[in-house]
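Q: here's a sequence, model it:
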Amino acid sequence: MQPSASTPRVTAILVAADGADHLDRTLTALAAQTRPPEALVVVDVGSTDGSTAELSFGGSAQLSRIPAGRPFGEAVRHGEQVAPRPAADEVVEEWLWLVGHDNAPAPTALAELLAAVEIAPSVAVAGPKLVAVDAPGRIVSFGESTTRTGRSLTLVQDELDQGQHDRNTDVMGVAAGGMLVRRAVWTALGGFDPGLPDVDAALDFSIRARLAGHRVAVVPDARATSAGPIEEFGRGRLSERRRVRMHRQAQLHRRLTYAPAGLVWLHWLTLVPFALGRAVGHLVAKHPAAVGGEVAAAFAVATGRGVHRARKVLAQQRVLGWAAIEPLRVSWRRVHERRTTSRDVELARVEDAPVARASFLADGGIWVVLAAAVLSVVTLFPLLGSPALTGGGLLPLSTDVGRLWQNVGYGWHAIGTGSVGPSDPFAAVLAVLGSVVAWSPSTSVVVVMLLAFPLSALGAWHAVRKVTTRTWVPVVGAALYTLAPALVGAVTTGHLGAVIAHVLLPWLFLTLVEAHRSWASASAASLLFAVVAASTPSLIPLLLVGWLVALAAGWRHAHRRVFVPVPAAVLFVPLVLAQVARGNPLAVFADPGVPSATRAPSALQLAVGQPLPDWDGWLSATQPLGLALAVLPIVMAVLALPVVASAIGAVLGHRWSVAGTALLAALLGYATAFGATHLAVTGVGSTTTIVWPGSGLSVLALALVVAACIGIDTVPRAAPVVGVVGTLFAAVAVAPAFAASYLGRAAIEPTSGRVLSAYVNAEAQANPDVGTLVVEPQTDGSLGVSLERGQGSTLDDQSTLDATALALSPAGERLAVLAGNLASRSGYDPAPALRDLGISFVLLDDAPDDAEARAVHDRAAGAIGQDARFTSIGATANGALFHYEGDVDRVGSGPASAHAAHVLDLGVLGVVFGAAALLAVPTAPRRRRATSNVIEADEPATTFDEERDE
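A: Sure thing, here's the model as predicted:
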């Protein structure tokens, strides 16, 4: 039966793309319509799930197939072309009903849509209320609009349907699923824009329909289901990067399509620059997955050809100005309300159930940090007011911040005779520290040493607070970690890298544990990982193990933790390649800083946390008693017993998994420290020294403190006693070490910041590359030789690549021959070597308290002093200084290629660490894609009943 002239003719176009889960239900729903469509065209988009394999139709229904991968709009266009048309002499109003395989309509859906457009003839596009497949009472989509900047928004999304929005029917656009559109309008507007294959095609079509003089509305009584957003139609779940690219590409395409002709070129020119700026914004907003999609979308639109066709179609059919749809846009106020509401919803979603945690101010945290600060002032009082430190592993830093950064990365390094190669990663840490106190970079080292104790207490307090519930237990943990022998030993011996690692380890633990929650924590963990690794390379294997354990434990959120080692890898790769190329890969683990001799402690001393064999100063303190060697091991073991017993007992409590993991970390820390005592790769004078074991002991200390505090937290009544006794015993164990500065046993000492004498410094003002040959008598009768430039070697000049060299370079051999001949009477002519190496001064260091070393010193002093080519300047704080009276060459600063490589390396470091730093800045939680929000147009909506026909 043919419809009469007054009866609209509806052709339903059902698009199916691997919709086996929904297609049968949708076909059944179409057949159950109280007002069925006159024709049905099923367009199969290359389905491979068998959903359309057995379909067969007759009469007014037909099946058509197109290749897979075609977008929804192209499938609809194909269906419209093959759909039957009325006879030429038949006058009938034709409508197209667009249905996806998941859009099962309610029985009265089509009838409600037709009734709505019948009473409002100006409506050319109508859409149903889309509800969830598994929850018909939840709205998935009900109208679409745009912000003032053109970003598309769903007006009502993911909200319970209580009829609260049914009066707002006049909208800017509707979703593609369930859309009812006049066939003549569809044909005139050219269907969906091919330049919008994924998203916003229906919204764009609705906007063009409005600009062509038609209305667009939603029909609240017409309902259909939806299994997800249009971009997932036939695809399944998408990656965040791809989703961002689709939405952003659609927005940019529409922006160029809608822009005035005179501004299209400006929009096109700014596509990529704006994309780069927005990419940085995504990093700040902790949305790194969007960076690639943002840039890809900009390039796709900038190089695409679809904008010209879209602008041509829009111009041909447009009869109204943009003011016609302006009231239907979403105002800035509404956008702000949506973001505020979604942020509140997200916060409510991600917050854990309230757990009683210690308060830093109310529960003693502030007091333990202040106590640690007082302890630091008392212990390091001789260092107060000093602009720099020297001794042990320390030297002053360069006086110029630019010089600090020149020593970072691959390039020319002036240490010794100079060479091209990578710097120690620790040089970057020093450059950052020195830049903070740019007017006096060396002061930053003093500040780090003075703040090491309170900062360690602060970090340990927060780490222990994370795993315990009693409010006073974090105070015990902070005190125990601050009193760790590894920290005291590192401070008094000048192992700056070990001090920094000890301070940062609790924060690394916290951020790595929290990395699954946010990109901010993951990025902070990556920065801390890099700093700890650069400061103490011996911890790299342990850090990697910890990272792998965290990765496995949180495998559901592995995408955040997987990038944690990347900044550290960027820092270390050049050094690792250089050491491997020299056949000395273990030298990567050498301590950065000034090479200093370290005596190896025993396995028992390592077990009780002692990084040095002097039992934290108790060996010399009890020496007059004559029982030190017999009693000290027993006493130290007893003093460590409360903490160790609490740590082991923690595995018997309900938090046994956390305590067990901490004990495993403690064993790995001990193994690292033990291995360090058997790895001697750094040259010191005529011998080599071991890697500082205190770094591994810092991990041991933190892990034991965490486990012990868990154990104390689970003890019912004896907990306060155990905590107080353990803290007092730990304080007794390290008491002599805190007095090292007053007893003259501390290796570090304050200095003015001048490395060489004032005479050399004055010469260096005119010639910054002036060379000073430093000769150091050794206790085995040999000479230690080094070449210092300008005002002397600084801490940032030091290089493990130089300190761990297996053989002398040709320039190094020439320097050794020169020093050996200067220190003894011979017929050797030093003038050519002095001239070529740019050496104007010779500094003969004071001899240590050893007969053989003094003999070497006296022989060298006599030989140089009697050489007419040298003038004795006299005794200085560093030794006897001689000036060479001959002419010397100015030493260059390396080849141009080295400078280019240095700039490139700094650029790479800047990009990697800059991105990590932006991500590490805390921000509010990012809005989820599906939110419980309502966005309405500014102007009151017009209902169909209020319209008057013209």
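Q: identify the residues contacting G865.
A: Counting by C-beta atoms under 8 Å, 6 or more residues apart in numbering, G865 touches S872, F882. (Glycine included, C-beta is placed from N, CA and C.)
Q: quickly note the distance from it to S386.
A: 34 Å (C-beta to C-beta, to the nearest Å).
Q: what do you get for A522?
A: For A522, the distance to S386 equals 39 Å [C-beta to C-beta].
Q: what segments of the stretch 151-300 of the chain are helices?
A: Taking DSSP state H, counting those that start in this stretch as the criterion, the stretch 151-300 of the chain carries its helices at 183-189, 201-211, 240-258, 264-269, 271-284, 289-303.
Q: more neighbours, A522 and S386?
A: Just comparing A522 and S386: by other C-beta atoms under 10 Å the higher neighbour count belongs to A522, 26 against 21.
Q: name the element that one belongs to?
A: Taking DSSP states H and E as the definition, A522 sits inside helix 519-535.
Q: repeat for S695
A: According to DSSP H and E, S695 maps onto helix 694-714.
Q: also L606?
A: According to DSSP H and E, L606 maps onto helix 603-607.
Q: ends of stretch 86-98, what's the gap?
A: End-to-end distance for stretch 86-98: 19 Å, by C-alpha to C-alpha, to the nearest Å.
Q: could you give me the average pLDDT of that stretch?
A: In this model, stretch 86-98 has an average pLDDT of 82.
Q: buried set for that stretch?
A: For stretch 86-98, burial by neighbour count (16 or more other C-beta atoms under 10 Å) applies to V92, E93, E94, W95, L96, W97, L98.
Q: quick one: contacts for the second one?
A: Shown in contact with E93 (C-beta under 8 Å, 6+ apart): P8, R9, R182.
Q: show me which of these are buried.
A: P8, R9, R182.
Q: tally of neighbours for the nearest residue in space to the last one that is not next to it in sequence?
A: Translated: R182. Taking C-beta to C-beta, 6 or more residues apart in numbering, and ignoring the residues beside it in sequence, R182 has A124 as its nearest neighbour in space, at 4.7 Å. Each residue near A124 was counted by other C-beta under 10 Å, and the total is 25.
Q: where does the stretch 801-950 of the chain dip in pLDDT?
A: Low-confidence segments of the stretch 801-950 of the chain, defined by pLDDT under 70: 892-894, 923-950.
Q: what are the boundaries of the helices in it?
A: Counting by DSSP H, counting those that start in this stretch, the stretch 801-950 of the chain has helices at residues 810-822, 831-837, 851-865, 896-920.
Q: quick one: D769 and V891 touch, right?
A: Yes - taking C-beta atoms under 8 Å as the definition, D769 is a contact partner of V891 at 4.5 Å.
Q: of those two, which one has the most company?
A: Using other C-beta under 10 Å as the criterion, D769 and V891 rank with V891 on top: 20 against 16.
Q: go ahead and confirm the more buried one touches G418.
A: Yes - at 7.1 Å, V891 counts as touching G418 under the criterion of C-beta under 8 Å.
Q: the residue nearest to R182 belongs to a strand, doesn't it?
A: Yes - assigned with DSSP: H, G, I helix; E, B strand; the rest coil, A124 falls within a strand.
Q: tell me the pLDDT of V42.
A: Note on V42: pLDDT of 93.
Q: check contacts around it.
A: Counting by C-beta under 8 Å, 6+ apart, V42 makes contact with L14, A16, T52, L55, F57, A61, Q62, L63, S64.
Q: quick one: name whatever helix or strand follows the helix or strand where L433 lies.
A: L433 belongs to helix 426-436 when assigned by DSSP H and E. Scanning forward in sequence from helix 426-436 by DSSP H and E, the next helix or strand is helix 443-467.
Q: list the helices and strands that following helix packs on?
A: Helices and strands touching helix 443-467, by 3 or more C-beta pairs under 8 Å, 6 or more residues apart in numbering; DSSP states H and E, are helix 365-379, strand 388-390, helix 426-436, helix 473-482, helix 485-493, helix 496-514, helix 694-714.
Q: so which of the helices of the stretch 151-300 of the chain is nearest V856?
A: helix 271-284 (58.7 Å; C-beta to C-beta).
Q: report how many residues lie close to E144.
A: For E144, using other C-beta under 10 Å, the count is 27.
Q: quick revisit: can you redo the helices of the stretch 151-300 of the chain as TSV with mean pLDDT and distance to P107?
A: Converted to TSV, the helices of the stretch 151-300 of the chain look like this (pLDDT from 0 to 100; distance: least, C-beta to C-beta, whole Å):
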stretch	mean pLDDT	distance to P107
helix 183-189	93	24
helix 201-211	94	24
helix 240-258	90	34
helix 264-269	90	47
helix 271-284	84	45
helix 289-303	88	41
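Q: closest to P422 out of those helices?
A: Evaluated over these, closeness to P422 peaks at helix 271-284, with 27.0 Å, by C-beta to C-beta.
Q: from the contact counts, what lies against the closest one?
A: Against helix 271-284 (3+ C-beta pairs under 8 Å, 6+ apart) you get helix 289-303, helix 896-920.
Q: single out the most deeply packed of those.
A: Mean neighbour count, computed with mean count of other C-beta atoms under 10 Å, is highest for helix 289-303 among these, reaching a mean of 19.
Q: packing partners of that one?
A: Short answer (3+ C-beta pairs under 8 Å, 6+ apart): helix 289-303 packs on helix 240-258, helix 271-284.
Q: any idea how far the last one is from the chain center?
A: Average the C-alpha atoms of helix 271-284, do the same for its chain, and the two points are 17 Å apart (C-alpha atoms, centre = their mean, to the nearest Å).
Q: quick check: angle from it to helix 240-258?
A: Helix 271-284 runs at 140 degrees relative to helix 240-258, counting by axes from the mean of the first three to the mean of the last three C-alpha atoms, to 10 degrees.
Q: contacts for helix 271-284 next, please.
A: With contacts defined as C-beta under 8 Å, 6+ apart, helix 271-284 is touched by 252, 288, 290-291, 294-295, 297-299, 301-302, 915, 918-919, 921, 923.
Q: of those, closest to T794?
A: Each of the contacts of helix 271-284 was checked against T794 using C-beta to C-beta; the closest is A915, at 30.0 Å.
Q: find the nearest non-adjacent residue to that closest one, please.
A: Nearest to A915 is L283, by C-beta to C-beta, 6+ apart, at 5.5 Å.
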